[in-house]
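Q: Here is a sequence together with a model predicted from it:
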Amino acid sequence: MSGDKNTEFAKIVQEIVALDATWSSDDPQTAETARIALGEIGKDLAAWAKRHGVTILRHSVESGGEPEVRRRCSLVTTTIKHGKIYICVLEGREGRNCFYSCAPGVMVPV
């Protein structure tokens, strides 16, 4: 990914990571606000992908355990598809399934 594209993608990922505290809140109204914000960030991701010609890969993970499945879905994760690393951001959930939108990622050593 090019510099501007990387910078924009990193900003989107940072916005999602910033939702972490409200996403796992016990307060239903706070959690709902985070869910709505996540939907808006998902629209930003789709617009970013369209603007830069990036194909978004759909990925789902089945979470397990507790009845509060929301807490079991990571907001940001990675996966490997077709031999490439993808950075995935949570798009939504249904039942035990966490649905992600994934874009090719660039791993830079620290």
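A: Yes, it's here. Residues are numbered from 1 along each chain as shown.
Q: Now C73: closest residue in space that isn't a chain neighbour?
A: C98 (3.7 Å; CB to CB, 6 or more residues apart in numbering). Placement of C-beta: from N, CA and C, glycine included.
Q: May I have the strands that pair with the helix or strand encompassing that neighbour, each with its orientation?
A: Assigned by DSSP states H and E, C98 belongs to strand 97-104. Strands that pair with strand 97-104, judged by DSSP bridges, come out as strand 57-62 (antiparallel), strand 84-94 (antiparallel).
Q: A31 is nearest to which of these?
A: Proximity to A31 (CB to CB) singles out strand 84-94 among those, at 11.8 Å.
Q: quick one on the thing from earlier: what are the contacting residues of the strand holding C98?
A: Strand 97-104 is contacted by residues 1, 9, 42, 45-46, 49, 54, 56-63, 69, 72-74, 77, 79, 81, 84-93 when judged by CB atoms under 8 Å, 6 or more residues apart in numbering.
Q: For ChimeraX, what selects the buried ones among those residues?
A: A single ChimeraX command is used to select the members of the contacts of strand 97-104 judged buried by 16 or more other CB atoms under 10 Å:
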select :9,42,45,49,54,56,57,59,61,63,69,72,73,74,77,86,87,88,89,90,91,93
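Q: Would you mark the buried spots in stretch 8-17?
A: Result for stretch 8-17 [16+ other CB under 10 Å]: buried residues 8-9, 12-13, 15-16.
Q: Now secondary structure too, for those, in a markdown table please.
A: Formatted as a markdown table, the buried residues of stretch 8-17 follow (DSSP: H, G, I helix; E, B strand; the rest coil):
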| residue | secondary structure |
| --- | --- |
| E8 | helix |
| F9 | helix |
| I12 | helix |
| V13 | helix |
| E15 | helix |
| I16 | helix |
